[in-house]
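*Asks:* Here's a sequence, model it:
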Amino acid sequence: MATPARQRKLKMGMIGGGVGAFIGAVHRMAAALDNEIELVCGAFSSDPKKSKTSGAMLKLPPERVYGSYVEMMVQELKLPKEMRMDFVSIVTPNHLHFAPAKLALENGFHVVCDKPMTFNLDEAKKLQRIVEKSGLVFALTHNYTGYPMVKEAREIVRGRRLGKIRKIVVEYPQGWLSTRLEAQGHKQASWRTDPKKSGASGCIGDIGTHAENLVEYITGLRINELCADLTTFVPGRKLEDDGNVLVRFDNGARGILYASQISAGEENPFHIRVYGEKGGLEWRQEEPNSLVVKWIDRPMEIIRTGAGRLGNAAKFNTRLPAGHPEGFIEAFANIYRNFALTVRCRTQGIKPKPEYLDFPTVHDGVRGMAFIATVVASARKGSKWIKC
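*Replies:* Residues are numbered from 1 along each chain as shown. Alright, predicted model coming up:
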């Protein structure tokens, strides 16, 4: 398989991510890291004035800063092909994912979309059909899949070095919503706790989907059935801020998934443990360079990023020499780089290498939305076991 020629940078348009937005800046830094992508235009806010202000701060030409994503699509299509954007990056709240993604795909633009993919499962299924019909590239930014040691964990588990998987424990506690920040005008808290913008779930939709995605990415297993308990601890909050889920997988394995945003004092200690017949492994997001592998019949191993004996996927997504932290931005950037390389291949009629295709897709997005819907349904039925 040939490597695509790099004739120019891919041109990115951004929807959302303007002044005061956290994740928009993360996406821009990640997209720029490999010098494969340049931001050329954007509709950075639903308020045209804020969009113009954001575009000026990003030093974009005023004529390429738009008052809405609809205007952006219309005006970009009028430009010569070599000037217009190649893809859009959607970094809006959940309720504003589907419509711009649909419009972009229908007008020939590839898409990178923040998670969760859509507002509800029905939108996710519709978007999947649109992507499949378009033949365009769609990436979903479950960024934790971009860490080298996560990819090494995947290779160990998929290579059956741990034997048949029996038990999976994944936890994602945060403490930032321990008080009712949304009542104080906190922008990030406000939309995440608003069912009109976030959807049917708060904590599970925001970070529980990361836990579900990481489990399925590493193990290749699918959640078959679950039993969920959701709680809203902070008085006056409209969506849950804590979730506990018992899980049954399609190979017979059992799991525990817990996500919480009222675990006071916690920052971002995302943590997964996978246990098989022969051994187990664990990875912690706050110590991302290390993968711990434990065996029944020999001493524990600690595998480190940058080690020469890593598998191909981990090597391809390792950016720094051993001993240098591979962080949040780098993991995000791996998704953008692999997406860009895949787009180049498709544009040039080349079959992408497997390592280029290693990023979450629309199918992962549907899995995530199905997980949210099933968790909410189980909790509403008194923690009843429900097929996923």
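*Asks:* from what I can see Ile372 touches Cys203, true?
*Replies:* No: between Ile372 and Cys203 there is no contact under C-beta atoms under 8 Å: 10.6 Å. Every residue, glycine included, has its C-beta placed from N, CA and C.
*Asks:* residue ranges of the helices in this structure, please?
*Replies:* Taking DSSP state H, the helices of the chain run over residues 22-32, 48-57, 69-78, 98-106, 121-134, 148-158, 187-192, 195-198, 203, 209-219, 312-316, 328-347, 362-380.
*Asks:* neighbours around Val245, how many?
*Replies:* Neighbour count for Val245, taken as other C-beta atoms under 10 Å: 26.
*Asks:* which of Ile372 and Cys203 has more neighbours?
*Replies:* Remark: of Ile372 and Cys203, Cys203 carries more neighbours, 27 against 23, as counted by other C-beta under 10 Å.
*Asks:* How much space separates the more buried one from Leu257?
*Replies:* 12 Å (C-beta to C-beta, to the nearest Å).
*Asks:* Show me whatever sits in contact with both of the two.
*Replies:* Common contact partners of Cys203 and Leu257 (C-beta atoms under 8 Å, 6 or more residues apart in numbering): Gly243.
*Asks:* So, low pLDDT: which residues of the chain?
*Replies:* Scanning the chain for pLDDT under 70 picks out 1-3, 5-6.
*Asks:* So which residue is dead centre in it?
*Replies:* What sits nearest the mean C-alpha location of the chain, by C-alpha atoms, centre = their mean, is His142, with 1.6 Å.
*Asks:* what about that one, distance to Gln285?
*Replies:* His142 sits 13 Å away from Gln285, going by C-beta to C-beta.
*Asks:* same check, this time on Arg84
*Replies:* Distance of Arg84 to Gln285, computed by C-beta to C-beta: 37 Å.
*Asks:* quick one, which of the two is more surrounded?
*Replies:* Neighbours per residue, other C-beta under 10 Å: of Arg84 and Gln285, the larger number sits with Gln285, 21 against 18.
*Asks:* Can you report phi and psi for the more buried one?
*Replies:* Per-residue torsions, Gln285: phi -60, psi -30 (degrees, to the nearest 10).
*Asks:* isn't it right up against Leu291?
*Replies:* No: distance between Gln285 and Leu291: 11.9 Å, which falls outside the contact criterion (C-beta under 8 Å).
*Asks:* State the distance from Gly252 to Glu277.
*Replies:* Taking C-beta to C-beta, one finds Gly252 at 12 Å from Glu277.
*Asks:* Show me how this structure divides into domains.
*Replies:* 10-144+333-357, 148-320+367-387 (automatic domain parsing).
*Asks:* Indicate which one of the ones you listed is closest to Gly327.
*Replies:* For Gly327, the closest of the domains of the chain is domain 148-320+367-387, at 6.9 Å, according to C-beta to C-beta.
*Asks:* which residues does Asp358 contact?
*Replies:* Asp358 touches 145, 151, 313, 316-317, 338, counting by C-beta under 8 Å, 6+ apart.
*Asks:* Mind picking the two most distant members of these?
*Replies:* Thr145 and Phe316 (13.2 Å).
*Asks:* More neighbours: these two, which one.
*Replies:* Using other C-beta under 10 Å, the more surrounded residue of Thr145 and Phe316 is Thr145, with 24 against 18.
*Asks:* Hmm, that one is touching Glu216, no?
*Replies:* No: using C-beta under 8 Å as the test, Thr145 is too far from Glu216 to be in contact (9.9 Å).
*Asks:* Quick check: Asn235 touching Thr179?
*Replies:* Rather than Asn, residue 235 is Pro. No: with contact defined as C-beta under 8 Å, Pro235 does not count as touching Thr179 (10.4 Å).
*Asks:* who's more crowded, those two?
*Replies:* The residue with more neighbours, out of Pro235 and Thr179, is Thr179; 14 against 6, by other C-beta under 10 Å.
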